[in-house]
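Engineer: give me the fold of what follows.
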Amino acid sequence: MPKAQPQVMINRDQQKDIFVLSFFFLRIAMLAIAVSFGLSALYGQNKDKTVLLSETVEGEISRRQTQIIEAEKLMADGDAFAESGNFKDAISKFIQAYNEINPSPLSEETRNIAKQKFINAAILRSKQLIDDAEFVSAEELLDQVLQPGIDPKNNVALTLKQRLEDPEWYNQARTPEHLENVKKVRRLLKLASSAERLGAYDKSMKYYADVLRIDRTNSAARRGMLEVENKIIDYHKSSRNMTRQRMLREIDSIWDSNVDLAVDLDAVGGNIGAQNEQSLDRKLASIVVDNINFEDEALEDVVSYLNFKSKELDPLGGGINFVLKLDPTDDIAINARVNLTLRNIPIGEVLKQVTADTQTRYKVDAYAVQIISKISENNQLATKTFRVPPDFLSTAPVGEEPIDDPFGGAGDGEGGLQIKRLGAKEFLMKQGVTFPEGASAIYIAGSSSLVVRNTPSNIELVESFVESSFSDVPKQVEVHVSMIDISEKELNEIGYDWLLGQFDVPGSSQRIFAGGGTEGNAAASGTQAAGNAEYTFIPPWTNVPLGDNPLTSGLRTGQQWNNGDALNNILLGGGSDVLSVPPSIKAPAIFGVGGAFTDPQYQVVMRGLAQAKGADMVTRPSIVTASGQRASVDITRDFPYPTEYDPPEIPQDGGAFGGFGVGGDGAPPSFPVTPAHPTGFEVRNVGTRLEVEPIVGQDNYTVELNLTPEFSQFEGFVNYGTPILTNGTNILGEFVYIPLSDNRILQPVFRTLRENTSVVVWDGATVVIGGLIEDRNTAVEDKVPLFGSIPVLGKFFKSKGNDRIKRAVMFFVKVNIIDPSGRRINGT
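Structural biologist: Numbering: from 1, shown residues only. Have a look, this model is predicted:
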């Protein structure tokens, strides 16, 4: 919808001027028409002159209409500027539109609209100037609005001008430069904060310094500098601790035992060339030939071409050694011709196609690929001895003749599935090796040797199988888990305790007396005598300490602020006071000063503690597990706790018996009361547990570790029971409740930290897992009102304490890939 045009406020003088001018031009036009007709009638002029005069009047009217159209276009441009917030250019357009139109009744409405738009834009522009601290320009613009002939009674403009003169509304000290500095300061503070989060502390300090160069009293910059300095201090503390730990490690390394020299088992046999064979297999699969076009080529030429291409395309430049070893009697292979066309195919597939076309076969050795004949050699037997792995012969199920009913029972000594040790010949026959007449195979377990007598082709099959058995040895992973549990506790406290006796206020003529206060709810213990033992000076004729009345009883000290945790309370209290509040014992006194014959009597005791305790535990369990099998390492304690309770048992007539004690509360009644007692228990492992699942990669160098460390700790018990009470009377005959049983129903609370992660590491590498860290800091700072704020002397009316407990549990996991004999596959 089009916007409603603002109404134009025109005073009476302006209306009168416009009306007079309009009436004047109208009379001139009418007079011109009358003169034209009169002259035509008197002098007989022709109609052409009358028409000319009429066209002149129409032209004037058309020109004024054109002015209105142009003014409306200018106002539309001004509206566009105003909508975008550019009131400066909008004002220029509105003034131009107002001046473009000559005053007349036809253009009166358009001129008023232009004027009102100017007024509105000028007021909004003045507000912008005020926000930019350009007060003089804003006042000049408001004066233009309020000048006679525009709108001298505009309420908005008058209000703004009055506020400009009122310092409560606008601070005249603001300048555009000040506002620009504010923007710079905000930007620099954001940059400094961002640099701090990134750890660029030097850059953050530079930004804060730039802020202070602009605004030297900026408190935000100073607070930011304080935060950065604290983080730098934390870094230096970490650096100091690292240096300390490194030096301790150097001391502990003296206890490191020497590692035995590795024995080269390859010197007496084993997987000689197995890795080279795997390397050739990878090359056969990875070297890709873009174009193969053999037309009636001899096998010898094809082998030469494959040698050339393998060296050309091998990134390492070594290529593959293809060796042609044909039987002299194999006329088919010798005279074979190769016709083959292939595109973008691995060189190993090319070799398969060539051997298939020429009725030959190939064999991958340690350092070469041999192309040999397929002719039968049943009558030519050869003997060869192989070194084989210790588990070369496996135990496998061997059935007799199949039975008709697999679910039926076997007769005595018949059929059925049996387990027996396979012989060397049977084992090789199951692998596809044929044994013609006179062939044999013997396995010598003492030397892990296999003696085979067979045809050359079958011996080559056995050789390939033996070599593959070394390369395919089941992979096992040796896992070394080093767990380091480091805990440290530091307790530091310093404070002062005052006792002040009564004294006469000077100038009161012994009518006004002053003295210390009372213990309040911070009493050292339940009895006054026990509390007196906390002070140094006690006169021999009384058990009241010197000074008697305390000044600093509100200052916490000792166990008044540091009660330890639930687990420590259980261990130290033997489990009997798990739920009770520990006694409020003050810190020990270090030094005391007292005035016995002074007025008033006084005593001051300095209390303090500086304790440090550290406990380090290092364990290194090791375990061997097969690849893909999950293994666990537990460093835990069995914690049995009750899960089921029988309700308490109270005799039906127990309430009729009361108790009566001499010198105290009533004695417990004589009838038995059975509290709630546990009947079912569960066992929870408390401590550290680590589960490891290693998976050896196909390259025999990478190991994927799935790690699940878990750290659980017992926090304490929650009592869900209520005491069992009975009524009784004390020595004064007063009614009291007498506890018969605490009736505790205890349930434990555990804290568990668990992490689950997967990493890929090299064989022999170590993975360090952090994060099982606890840091608890308890701080107290008390002071006596008024006295504690006195300079210098105020510290004698303060108490400060800090209790910090730090604990870190770290796991170092190291893996080694080994074979069944315990030897590392990838060397030492």
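Engineer: which intervals of the stretch 251-400 of the chain have sub-threshold pLDDT?
Structural biologist: Along the stretch 251-400 of the chain, the model assigns pLDDT under 70 to residues 251-278, 375-380, 389-400.
Engineer: repeat that for the stretch 701-828 of the chain.
Structural biologist: 769-772, 827-828.
Engineer: rerun at 50
Structural biologist: Across the stretch 701-828 of the chain, nothing is flagged by pLDDT under 50.
Engineer: would you map the strands across the stretch 151-300 of the chain?
Structural biologist: 288-298 (DSSP state E, counting those that start in this stretch).
Engineer: ignore what I typed, I meant the stretch 551-700 of the chain.
Structural biologist: So, for the stretch 551-700 of the chain - with DSSP E, counting those that start in this stretch - the strands run 589-595, 602-619, 622-626, 631-646, 677-696.
Engineer: show the average pLDDT along the longest one.
Structural biologist: Model confidence over strand 677-696, given as mean pLDDT, is 86.
Engineer: ok, now the first one?
Structural biologist: Per-residue pLDDT values across strand 589-595 average out to 76.
Engineer: dump that strand to CSV, keeping only the CA atoms.
Structural biologist: The C-alpha coordinates for strand 589-595 follow below in CSV (Å, rounded to 0.1, in the frame of the first residue of the first chain):
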residue,chain,number,x,y,z
ALA,A,589,48.8,-23.0,68.1
ILE,A,590,52.2,-22.1,67.0
PHE,A,591,52.9,-19.1,69.3
GLY,A,592,51.0,-17.3,72.0
VAL,A,593,51.3,-14.0,73.9
GLY,A,594,49.3,-13.2,77.0
GLY,A,595,48.9,-10.4,79.5
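Engineer: for the closest residue to Lys798 other than its chain neighbours, what are phi and psi?
Structural biologist: Nearest residue to Lys798 in three dimensions, chain neighbours excluded: Lys783, at 4.3 Å (C-beta to C-beta, 6 or more residues apart in numbering). Any C-beta I mention is one placed from the backbone N, CA and C, and that applies to glycine too. With angles defined as degrees, to the nearest 10, Lys783 sits at phi -150, psi 150.
Engineer: so which of the strands of the stretch 551-700 of the chain comes closest to Tyr208?
Structural biologist: Evaluated with C-beta to C-beta, these place strand 602-619 nearest to Tyr208, the distance being 36.3 Å.
Engineer: sheet-wise, list the partners of the closest one with their directions.
Structural biologist: Sheet pairing of strand 602-619 (DSSP bridges) gives strand 476-500 (antiparallel), strand 589-595 (antiparallel).
Engineer: output the contacting helices and strands for the helix or strand just after the first one.
Structural biologist: Beyond strand 476-500 on the C-terminal side, the first helix or strand identified by DSSP states H and E is strand 503-504. Taking 3 or more C-beta pairs under 8 Å, 6 or more residues apart in numbering; DSSP states H and E as the contact definition, the neighbouring helices and strands of strand 503-504 are strand 513-514.
Engineer: sorry, back to before: can you lay out the strands of the stretch 551-700 of the chain as JSON lines showing distance to Pro152 and mean neighbour count?
Structural biologist: Shown next, in JSON lines, are the strands of the stretch 551-700 of the chain (distance: least, C-beta to C-beta, whole Å; neighbours: other C-beta atoms under 10 Å):
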{"stretch": "strand 589-595", "distance to Pro152": "85", "mean neighbour count": "14"}
{"stretch": "strand 602-619", "distance to Pro152": "81", "mean neighbour count": "15"}
{"stretch": "strand 622-626", "distance to Pro152": "97", "mean neighbour count": "13"}
{"stretch": "strand 631-646", "distance to Pro152": "91", "mean neighbour count": "14"}
{"stretch": "strand 677-696", "distance to Pro152": "88", "mean neighbour count": "16"}
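Engineer: in TSV, list the ones you listed along with distance to Lys73.
Structural biologist: What follows is these, written out as TSV (distance: least, C-beta to C-beta, whole Å):
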stretch	distance to Lys73
strand 589-595	93
strand 602-619	87
strand 622-626	88
strand 631-646	86
strand 677-696	79
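Engineer: closest one to Ser821 among those?
Structural biologist: Nearest of the strands of the stretch 551-700 of the chain (C-beta to C-beta): strand 622-626, 11.9 Å.
Engineer: which secondary structure elements does that closest one contact?
Structural biologist: strand 476-500, strand 631-646, strand 677-696.
Engineer: and the angle for the last one with strand 602-619?
Structural biologist: On the basis of axes from the mean of the first three to the mean of the last three C-alpha atoms, to 10 degrees, strand 677-696 is oriented at 50 degrees to strand 602-619.
Engineer: flag every buried residue along the helix or strand following strand 677-696.
Structural biologist: Downstream of strand 677-696, the next assigned helix or strand under DSSP H and E is strand 702-719. The neighbour-count check on strand 702-719 (16 or more other C-beta atoms under 10 Å) flags Val703, Leu705, Leu707, Thr708, Pro709, Glu710, Phe711, Ser712, Phe714, Gly716, Phe717 as buried.
Engineer: what's the local residue count around Phe94?
Structural biologist: 29 (other C-beta atoms under 10 Å).
Engineer: before we move on, what about Gly199?
Structural biologist: 10.
Engineer: can you check Glu437 too?
Structural biologist: 7.
Engineer: I'd like the distance between it and Ile459.
Structural biologist: Distance, Glu437 to Ile459, by C-beta to C-beta, to the nearest Å: 16 Å.
Engineer: likewise Ala90?
Structural biologist: Ala90 is 102 Å from Ile459, by C-beta to C-beta.
Engineer: which one's more surrounded, these two?
Structural biologist: Ala90 (26 against 20).
Engineer: run through the neighbouring helices and strands of the helix or strand hosting the more buried one.
Structural biologist: Under the criterion of DSSP H and E, Ala90 resides in helix 87-100. With contacts taken as 3+ C-beta pairs under 8 Å, 6+ apart, helix 87-100 sits against helix 47-83, helix 108-131.
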